[in-house]
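Asks: Okay, structure incoming, though there's no sequence with it:
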């Protein structure tokens with residue numbers, strides 16, 4: 001049975017991804033900053049018939065928290081097959097580049113960028129024990145500098161500096177990590193689930209969490225011939241579903 005860890009998984013897209021992976025027969029650690037809340041979510045899932053789900057406390061901005069989570073999974077399972085770096089924040093709005101404080105930008109980067117690096121580096125030891133390790137960094141189409149330079153792009157006007165910059169940086173981490181691990185059986189990709197209606201955006205997105213989770217899973221459960229170092233987006237109307245960087 002494959003072992004999965006999803007950060008920020010107690011609600012919205014993360015929670016739906018937990019549910020769909022559980023239905024596929026994988027064992028899923030539901031990562032949550034508040035363990036009590038996470039355990040309550042898991043209890044409700046079990047009551048609805050979902051199996052092989054366990055809450056685990058992890059604050060991606062806290063290296064000690066990540067290490068404690070890693071030690072728990074190491075003791076209980078001995079390995080990790082899939083890491084989905086889903087935890088993310090939007091930051092204070094508005095985010096005009098001329099006035100947004102460095103403090104605001106740093107806060108967003110702490111979760112969306114440095115948090116991903118912390119968790120990934122912490123869990124590499126367990127991922128390397130897997131026959132087919134997968135790392136999916138959940139990004140946003142707003143992280144594409146190419147699209148941000150195209151005035152015809154439908155989201156061209158959204159230039160929230162804290163969030164946009166953090167996702168662009170995250171995409172750069174994906175590229176460099178995939179290159180470092182290219183001789184190993186890793187698949188490391190950035191995945192944009194699309195503009196989805198969630199608490200994150202006051203349910204303003206047109207997409208559903210079900211569609212978003214399916215997209216994440218599609219580009220995470222790759223076979224040995226699958227791509228690595230790519231940027232996939234649920235908002236790209238192209239057969240490849242690849243977004244420009």
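Replies: That came through, no problem. All values reported here derive from a predicted model rather than from experimental measurement.
Asks: quick one: residue 208 and residue 233, what's the gap?
Replies: To residue 233, residue 208 is 16 Å away according to CB to CB, to the nearest Å. To be clear about C-beta, it is placed using only N, CA and C from the backbone, and glycine gets the same treatment.
Asks: Name the nearest residue to residue 164, sequence neighbours excluded.
Replies: Computed as CB to CB, 6 or more residues apart in numbering, the closest residue to residue 164 that is not its neighbour in sequence is residue 142, at 4.9 Å.
Asks: Do I have it right that that neighbour meets residue 170?
Replies: No. Residue 142 is beyond contact range of residue 170, at 11.0 Å (criterion: CB atoms under 8 Å).
Asks: and those two? which has more neighbours close in?
Replies: The residue with more neighbours, out of residue 142 and residue 170, is residue 170; 24 against 19, by other CB atoms under 10 Å.
Asks: ok so that one is a helix residue?
Replies: Yes. Counting by DSSP: H, G, I helix; E, B strand; the rest coil, residue 170 is found in a helix.
Asks: so it sits right up against residue 135, yeah?
Replies: No. Using CB under 8 Å, residue 170 is not in contact with residue 135; the gap is 11.8 Å.
Asks: Could you pull out the buried residues of the strand or helix carrying residue 65?
Replies: Taking DSSP states H and E as the definition, residue 65 sits inside helix 63-76. For helix 63-76, a neighbour-count test (16 or more other CB atoms under 10 Å) marks 65-66, 68-70, 73 as buried.
Asks: Next secondary structure element downstream of it?
Replies: Per DSSP H and E, helix 63-76 leads on to strand 82-85 as the next helix or strand towards the C-terminus.
Asks: Name the residues that touch that next one?
Replies: With contact meaning CB atoms under 8 Å, 6 or more residues apart in numbering, strand 82-85 is reached by 2-7, 14, 17, 26, 60, 115-116, 119-120, 123, 127, 133-138, 216, 220-221.
Asks: can I assume residue 93 is in contact with residue 160?
Replies: Yes. Counting by CB under 8 Å, residue 160 is a contact partner of residue 93 at 7.0 Å.
Asks: any common contacting residues for these two?
Replies: With CB under 8 Å, 6+ apart as the test, residue 93 and residue 160 reach no residue in common.
Asks: Of these two, give the one with the bigger neighbour count.
Replies: Set residue 93 next to residue 160 and count neighbours by other CB under 10 Å: residue 160 wins out with 20 against 11.
Asks: List the contacts of residue 113.
Replies: Contacts for residue 113 were tallied using CB under 8 Å, 6+ apart; they are 166, 169-170, 173.
Asks: mind running it again at 7 Å?
Replies: Residue 113 is in contact with 166, 169-170, counting by CB atoms under 7 Å, 6 or more residues apart in numbering.
Asks: Wasn't it part of a strand?
Replies: No. Using three-state DSSP, the assignment for residue 113 is helix, not a strand.
Asks: State the distance from it to residue 168.
Replies: Here the criterion is CB to CB. By it, residue 113 lies 9 Å from residue 168.
Asks: for the residue nearest the centre of the chain, phi and psi?
Replies: Centroid-nearest residue in the chain, with CA atoms, centre = their mean: residue 86, separated by 2.5 Å. Taking degrees, to the nearest 10, you get phi -100, psi -30 for the backbone angles of residue 86.
Asks: Please report the distance of it from residue 21.
Replies: Taking CB to CB, one finds residue 86 at 12 Å from residue 21.
Asks: ok, how many other residues are close to residue 216?
Replies: When counting by other CB under 10 Å, one arrives at 26 neighbours for residue 216.
Asks: Contact partners for it?
Replies: Residue 216 touches 17, 84, 136, 138, 191, 193, counting by CB under 7 Å, 6+ apart.
Asks: With that, I have no additional questions.
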